[in-house]
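A.B. asks: Please find the sequence and the predicted model below.
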Amino acid sequence: MNQVIFWLQNVLVRVVLTLSLVGVAFLASAALGYGNSFQAQADPLTPEATQYQVASDSSPFQAEQDRGKENFQNSANELFKQNKQPQAPSETTKEIGETLTKPAKNAKGTLEGVAENIKEKLNLDQPIYPGTKEFLNDVQDTVEDAVPGR
């Protein structure tokens, strides 16, 4: 009987400790407030991304915000006209494009090689033997004669 009481006390103490630790953790998380302050604040890495950043110092939109948004639409239209002209890709973009097309070129070359090998093995480049043509015509005539209503 003493063992049962001792076991029950141990279980009760563990439950109370667990609940109290969970409560402290919950209160601590609420006190710390997992808000925007813990989010990563990354700056854009490319000049194109910096140009379109609304709150940056070099943004064309920043001057409009400072002036009270008077000619915001005109500024946006001018920016659109400037950026409508295609820009030459950077060296990194060219390298990435070449890297992406290499597997496709390799696969195309492999498939062309396989197709050429099959054509060669099956003699698909050779004209059809005249006896084969005669045989196919005879079979076609026999089938047409066997099918009623034709």
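C.D. replies: That came in fine, so what should we check first?

A.B. asks: Count the neighbours of residue 3 for me.
C.D. replies: Other residues near residue 3 number 7, with proximity taken as other Cβ atoms under 10 Å. Backbone N, C-alpha and C define where each C-beta goes, glycine included.

A.B. asks: Now it: which helix or strand?
C.D. replies: According to DSSP states H and E, residue 3 maps onto helix 2-32.

A.B. asks: pLDDT on that helix, on average?
C.D. replies: Averaged across helix 2-32, pLDDT comes to 87.

A.B. asks: The helix or strand containing residue 104: what's the following helix or strand?
C.D. replies: Taking DSSP H and E as the criterion, residue 104 maps to helix 91-121. Next helix or strand after helix 91-121 toward the C-terminus (DSSP H and E): helix 130-146.

A.B. asks: And that following helix, what does it pack against?
C.D. replies: Packed against helix 130-146 by the contact rule (3 or more Cβ pairs under 8 Å, 6 or more residues apart in numbering; DSSP states H and E) you find no helix or strand.

A.B. asks: circling back: name the residues of the helix holding residue 3 that are buried.
C.D. replies: Judged by neighbour count (16 or more other Cβ atoms under 10 Å), helix 2-32 contains no buried residues.

A.B. asks: Any regions of the protein where pLDDT drops low?
C.D. replies: Along the chain, segments meeting pLDDT under 70 span 33-71, 84-87, 149-150.

A.B. asks: can you do 80?
C.D. replies: 28-105, 124-125, 128, 148-150 (pLDDT under 80).
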